[in-house]
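**Q** Next come a sequence and a model predicted from it.
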Amino acid sequence: MSTADQRHRILLAEGSRSNRMLASQVLAQAGYAVDEVADGRSAVEAAAACRYDLILMDLAMPGLDAVEATRRIRRLPHPCGDVPILTMTETSSAEDKDRCSAAGIDGFLSTATDRLDLLEAVTHWVEAADDPTWGLEARPGVTPPLVNRRTLIQLEEDVGSDQLPEILSTFLLESERRVGLLEARVSASDPQGAADQAHALKGSAGTFGAMAFRQIVHELEKAGRAGECERLAALVPELRRVVAATSARLYADYPFLAP
């Protein structure tokens, strides 16, 4: 049991008692402190009463579902409303994901995920702010968060609330410019040039807690260094999707950034 694990407290909101017992046992054995609730209303009450590092929430809970529960949690004052929220679901359509993302849910985890993948997913989220190299490699069953809230909270504490708007706006503008340069290198069949742009994007994405963005540009950098032009071209649309989704999340969380 690591000291890092012992620092992290997780709220597990799951309507199925058997599923809740299993997940709680797995997490507790890994060293996490776990609080359990059986419905969405209880999840909101627990989130208001305790600062959690992560909330794992069944998408279809009795009473308030995960979407409405998340909306209410996001209205809680800092720091309770800033907790990363991961929803667990058997299946998730694109419509479900859009609805969840709009409510403030950060990512998804399949209920069919086995013990090791569950722990990978949890570590991927709660350890990300502690270890800047964690989460670069794509992992089956693990959807990286668009934004690691802990990283942004720490950034705001470091630079101050007055400086944050200009710094975040600059990050978004520079990202758009570099993505354009990366696309131009891909179109010019210049994989090394594309890799250079991806490397620069990876560093800034990590600084600002843009986890999904960081992961996709890491994949682009690897493909570029390997000279895989077809792979680069195939990844560009996903890069554009992730950049747009990340920008939308930041605009929603920080209204002063609205374009």
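**A** Nice, thanks for sending it over.

**Q** Now do the phi/psi pair for residue 14.
**A** phi -140, psi 130 (degrees, to the nearest 10).

**Q** If we ignore the residues flanking it in sequence, what's nearest it?
**A** Distances taken as C-beta to C-beta, 6 or more residues apart in numbering place residue 20 nearest to residue 14, at 3.9 Å, with adjacent residues excluded. (Glycine included, C-beta is placed from N, CA and C.)

**Q** Can you read off the pLDDT for the one you found?
**A** Per-residue confidence (pLDDT) for residue 20: 88.

**Q** and it, what is it in contact with?
**A** The neighbours of residue 20, taking C-beta atoms under 8 Å, 6 or more residues apart in numbering as the test, are 12, 14, 36, 38.

**Q** try residue 44
**A** 64, 69, 72, 73, 76.

**Q** Against residue 44, how distant is the first one?
**A** Computed with C-beta to C-beta, to the nearest Å, the distance linking residue 64 and residue 44 is 7 Å.

**Q** Mutual contacts of those two, please.
**A** When contacts are counted by C-beta under 8 Å, 6+ apart, residue 64 and residue 44 are jointly contacted by residue 72.

**Q** tell me which element residue 101 is part of?
**A** Residue 101 is part of helix 94-103, with elements assigned from DSSP states H and E.

**Q** Could you point out which residue ranges in the stretch 1-150 of the chain have low pLDDT?
**A** Within the stretch 1-150 of the chain, the ranges that satisfy pLDDT under 70 run 1-7, 90-92, 111-114, 127-143.

**Q** re earlier: which of the contacts of residue 20 tops the neighbour count?
**A** Sorting the contacts of residue 20 by how many neighbours each has (other C-beta atoms under 10 Å) puts residue 12 first, at 26 neighbours.

**Q** Three-state assignment for that residue, please.
**A** Three-state assignment for residue 12 (DSSP: H, G, I helix; E, B strand; the rest coil): strand.

**Q** Next up, the contacts around residue 55.
**A** 10, 11, 13, 43, 47, 73, 83, 84, 85, 86.

**Q** quick revisit: can you list the contacts of residue 20 in CSV and add distance to residue 217?
**A** Compiled in CSV, these are given as follows (distance: C-beta to C-beta, whole Å):
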residue, distance to residue 217
12, 32
14, 34
36, 37
38, 40
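
**Q** got the contact list for the spatially closest residue to residue 219 that is not a sequence neighbour?
**A** Leaving aside its sequence neighbours, residue 219 sits nearest to residue 235 (C-beta to C-beta, 6+ apart; 5.9 Å). Residues in contact with residue 235 (C-beta under 8 Å, 6+ apart) are 216, 219, 220, 223.

**Q** So which of those is surrounded by the most neighbours?
**A** Going by other C-beta under 10 Å, residue 220 tops those with 28 neighbours.

**Q** how near is that residue to residue 249?
**A** Distance, residue 220 to residue 249, using C-beta to C-beta: 20 Å.
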